[in-house]
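Visitor: With the sequence up front, the predicted model follows.
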Amino acid sequence: MPFPDPNWIAPRTGHDWRDEDVRAAVDWLKGFVPVSEMEGRLEVQRAHLASALEAWKRGQHADPFDPSDAAAWWIVQGEAFAANRESFVPDAMVRSVPYLKRLGLELGRLRAIPGAEDRAARLMTGDRRQPEPGIYELLVALAWNRHGWDTRFVQEIRGGPPTPDLHASRGTRRWAIECKRLMPSAYAIKERQLGLALAAPVHRLRERLDTSFILTIDFKVELQDVPPDYLVNRVETALREKRAVWSDQVSDGAIAAPTWHLARRVMAHDDVFYGSSRMIELVSGNYDHEADHSFSARWRPAKKRPIYAHTIYRVSVVTWTSSSPAAIRHKAKHFRQVVAKAERQLPADRPGVVHVGVETMGGRDVNTVRHVRNMVEAHQFTPDNPRFRWVYANYLRPELTTDRNETWALTESMAPYRIGRHATPWPLPDHLLVSEEAESSPGLRF
């Protein structure tokens, strides 16, 4: 896929737009928390972002939000996107706003689903560390309802028998629905942390040498097997010997000068969010959505928007991928254990379906391996529940877009996996959770 042309200037007008759908979803979710408590939680997140900004100014890595209350962070990003753009983090917004947009678009339908407001209240209060599972359940309920099913949430009885998340009925047909949202694997999280740790001394080297460079590297081994000083030693040697590329048993690497002509041309007109995909695109010449990135720079904040850079003086970017077969297998987490656990929630008095939501941020190789493994696991799965019929995998890929015509982008696919041998047709064919179904086309897109 060719990279889009990064040589564009943001429009000077039209920045006062509002997204009333996102705003409606945000206001609905906030309404389940007392006003004073909600404002306190939001202020904690804004303060955390301000602290991260100070670290960014020093060229250090820092997470922009407090993970103990991710639900409040979703609200901060939703409010910023919908109206005022304050506390707005573009590359974090993409993982919340697309889902809030869909909830807001169909808020009337959603509120009419029995039990939906109880589920929303729980994700804003008890499940605040991980709002994604609750949001996913709301999106699944909407999809069934949109396709003509009478849908309701099943009330969980503490200490009682297992229950599914949803029941759906249409005429004489009845289905039980269990939802599981797969969070990023511990392996993928650790791998990114290892990548950032390998990149940190590279950025310090750039500061010491008072230079700038763009490093692109593909690891051939698992990052856990890379010595902590491997990358900085490789870069220091390459710079000293003026070698642009290297290849060894650990990695293939290349060093290039920043595309200063592009960055300076655009930033003469535009302030750019510090460390964002757009900034990496400008100094690197493109942004690889399949890779991970670590960014550090000396910069001057914009006066009116201090989270945006007005000028960049020195920069280092470390962009890495992993072609290690072992790493790909570990990140391509299949759903067998998740499905086995979800099956126990399904009753035996009606056919059952399990929805599994997967955020596919591991690159095409990882996503392809995951899909193949899921097909194999589903084919080999022997259900204990004789009424378990289908698994729907909802693959969702938020994109850190650098397109001039987009504020966010999301690629969505759905794959059905038959469980056991039966002739029961799909109860929810060709559905999507977030994207407009009328604009979709058949097939998986990673």
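Guide: Yep, it's here.
Visitor: Poorly predicted segments of the stretch 1-150 of the chain, please.
Guide: Scanning the stretch 1-150 of the chain for pLDDT under 70 picks out 1-3, 14-15, 59.
Visitor: now the helices: where do they sit in it?
Guide: 20-30, 35-57, 70-79, 90-93, 97-105, 107-111, 116-125, 132-146 (DSSP state H, counting those that start in this stretch).
Visitor: what's around Arg152, how many residues?
Guide: Number of residues near Arg152 (other C-beta atoms under 10 Å) recorded here: 17. All C-beta atoms are positioned from the backbone trio N, CA, C, and that covers glycine.
Visitor: Likewise for Ala25?
Guide: Neighbours around Ala25, by other C-beta under 10 Å: 29.
Visitor: So it is in contact with Arg111, correct?
Guide: No. If you go by C-beta atoms under 8 Å, Ala25 and Arg111 don't touch, sitting 11.0 Å apart.
Visitor: which of the helices of the stretch 1-150 of the chain sits most buried?
Guide: helix 70-79 (a mean of 25; mean count of other C-beta atoms under 10 Å).
Visitor: Name the surrounding residues that touch that helix.
Guide: Helix 70-79 is contacted from outside by 22-23, 25-26, 29-30, 38, 41-42, 44-46, 49, 65-66, 87-89, 92-93, 96-97, 100, 123-124, 127-131, using C-beta atoms under 8 Å, 6 or more residues apart in numbering.
Visitor: and with 7 Å instead?
Guide: With C-beta atoms under 7 Å, 6 or more residues apart in numbering as the contact definition, helix 70-79 has outside contacts at 22, 25-26, 29-30, 41-42, 45-46, 65, 87, 89, 92-93, 96-97, 100, 123-124, 128-131.
Visitor: One more: stretch 258-277?
Guide: 6-7, 9-10, 56, 90-91, 212, 214, 278-279, 282-285, 287, 295, 299, 302, 305, 307-312, 315, 400, 402.
Visitor: ok, 6 Å please
Guide: 9-10, 56, 90-91, 212, 214, 278-279, 282-283, 285, 287, 295, 302, 308-310, 315, 400, 402 (C-beta atoms under 6 Å, 6 or more residues apart in numbering).
Visitor: Stretch 35-49 now?
Guide: Taking C-beta under 6 Å, 6+ apart as the rule, stretch 35-49 contacts 30, 64-66, 69, 72-73, 76, 87.
Visitor: What of stretch 128-138?
Guide: Outside stretch 128-138, the residues touching it (C-beta under 6 Å, 6+ apart) are 68-71, 74, 99, 119, 123, 127, 165, 179, 181, 357.
Visitor: Of all pairs in these, which one is the farthest apart?
Guide: Set against one another by C-beta to C-beta, the contacts of stretch 128-138 have their most distant pair in Ser68 and Asp165, with a gap of 24.7 Å.
Visitor: quick one: which of those two has more around it?
Guide: Asp165 (24 against 11).
Visitor: what about Asp5, neighbour count?
Guide: 10.
Visitor: Sort out which one of the contacts of stretch 35-49 lies nearest Ile419 for me.
Guide: Using C-beta to C-beta, the contacts of stretch 35-49 come closest to Ile419 at Trp73, 35.9 Å.
Visitor: All set now, cheers.
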